[in-house]
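Asks: build me a model from this:
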Amino acid sequence: MSNARLPSFKFLIGFEAAARLGNYSRAAEELHVSQSAISHQIAQLEQQVGQPLFRRKGRGVELTVAGGLLLDSVGKSLEQIRHGLHRIETYMDDRLVTLVCPAPVAHGWLQPRIDRLLQAHPDLCPIVSVDESARFIDELDVDIAITREPLQQPDVFEVPLLSDELVAVGLPDADTEATPGLLCLEADLTSDRIGPFIREHFGPLRKAAIYDDPRLLLDAALRGRGLALVSRLSADDALRSGRLRHLAAWPSLPLGTLWISRTEGPSRLPLVREVFDSLWGFAREDGHFMSQID
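Replies: The predicted structure is shown next:
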């Protein structure tokens, strides 16, 4: 059936209400129309589909076989539409700012700064997402993106935010004389760039554990399971709080620059620009402090 032959949405809503309530009068009351309007809508719908949809039953109505089949589709479709509208309502709150960020950076750098953001912007309700596939900056889905590469999208303003590096970390009271076991990411071992660096400088170390999630790797380091090779930013909070120590005797490897992006020109909300400026300011402060935590 082409779109031109699809029944009126108004007819389908009236049909669904009458079928659900089993009565034209109650359907009319729910939809704030007259009973004759409901009767007229259903008559037109029956004419269009070429099948009777209801039969009289006492003072109400019940569905025919054709009506039951139509209700199954219409009911599911209306529920999906209601669900979509509820989802849209969530994003109409003018306190919401959506931030997309790689998971290790969100966990180690961004999350510990959310309190500072809320202090600076008391009305803010941040939506923090680690879904890096949803990083296209636009007026609805993503307000601010922190990425490992510049997005280079039209009408997007982006600047360098933070530098990252692969560093060796361990517990503050770890025995510096003992040979530690190595904790690392599987992706780093197989990387064309990071893999040779690990083999050259950490090859003699016994591998204590290999992970596929940076957060599990960081947790292992905090539990004292060995020397961990981690992103400096993923361990930022643990390093600043003294729960981990940068083992500066071991070499580090630059991991590049993270970028922060938003729409060029006026943002969807003034709050978006304010949050962007705050995050950029936090990074500038951190750049001064990070050189002192070794």
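Asks: so what's the model's average confidence on the host helix or strand of A66?
Replies: When elements are assigned from DSSP states H and E, A66 belongs to helix 65-90. Summarised as a single mean, pLDDT over helix 65-90 is 85.
Asks: pull the longest strand from the protein.
Replies: Criterion DSSP state E: the longest strand present in the chain is strand 156-170.
Asks: right, and the helix or strand after that strand?
Replies: Next helix or strand after strand 156-170 toward the C-terminus (DSSP H and E): strand 182-185.
Asks: and V275, what does it touch?
Replies: V275 is in contact with V97, L99, L117, H121, L124, P126, D143, I144, counting by C-beta atoms under 8 Å, 6 or more residues apart in numbering. (C-beta placed from N, C-alpha, C; glycine too.)
Asks: the stretch 1-150 of the chain: helices as residue ranges?
Replies: 9-21, 24-31, 35-49, 65-90, 103-105, 114-120 (DSSP state H, counting those that start in this stretch).
Asks: tilt between the longest one and helix 35-49?
Replies: Here helix 65-90 runs at an angle of 110 degrees relative to helix 35-49 (axes from the mean of the first three to the mean of the last three C-alpha atoms, to 10 degrees).
Asks: how far away is Y24 from E30?
Replies: Using C-beta to C-beta, to the nearest Å, we find Y24 at a distance of 11 Å from E30.
Asks: any idea how far apart the tips of stretch 228-235 sit?
Replies: 10 Å (C-alpha to C-alpha, to the nearest Å).
Asks: so what touches it?
Replies: 104-105, 107-109, 162, 164-170, 182-185, 188, 198, 202, 214-215, 217-218, 220-221, 239, 244, 246, 252, 255, 258, 290.
Asks: stretch 121-130 too?
Replies: With contact meaning C-beta under 8 Å, 6+ apart, stretch 121-130 is reached by 93, 95-103, 106, 110-111, 114, 117-118, 142, 271, 274-275, 278.
Asks: okay, A174: pLDDT?
Replies: Confidence at A174, expressed as pLDDT, is 73.
Asks: now the farthest one out in this protein, which residue is it?
Replies: Distance to the chain centre peaks in the chain at G58, reaching 52.4 Å (criterion: C-alpha atoms, centre = their mean).
Asks: low pLDDT regions in the chain?
Replies: Residue ranges of the chain with pLDDT under 70: 1-4, 87-92, 134-140, 175-178, 287-294.
Asks: pick out the residue nearest the middle of it.
Replies: Nearest to the mean C-alpha position of the chain, counting by C-alpha atoms, centre = their mean, stands S129 at 2.8 Å.
Asks: the residue lying closest to R206 once chain neighbours are set aside: what's it in contact with?
Replies: Spatially, and ignoring its direct neighbours in sequence, R206 is nearest to G181 (5.1 Å; C-beta to C-beta, 6 or more residues apart in numbering). By C-beta under 8 Å, 6+ apart, G181 lies in contact with L205, R206, K207, A208, A209, R225, G226, L227.
Asks: any chance of these in JSON lines, plus neighbour count and distance to Q47?
Replies: Below are the contacts of G181 laid out as JSON lines (neighbours: other C-beta atoms under 10 Å; distance: C-beta to C-beta, whole Å):
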{"residue": "L205", "neighbour count": "19", "distance to Q47": "80"}
{"residue": "R206", "neighbour count": "9", "distance to Q47": "80"}
{"residue": "K207", "neighbour count": "14", "distance to Q47": "74"}
{"residue": "A208", "neighbour count": "15", "distance to Q47": "75"}
{"residue": "A209", "neighbour count": "14", "distance to Q47": "70"}
{"residue": "R225", "neighbour count": "17", "distance to Q47": "73"}
{"residue": "G226", "neighbour count": "21", "distance to Q47": "76"}
{"residue": "L227", "neighbour count": "21", "distance to Q47": "78"}
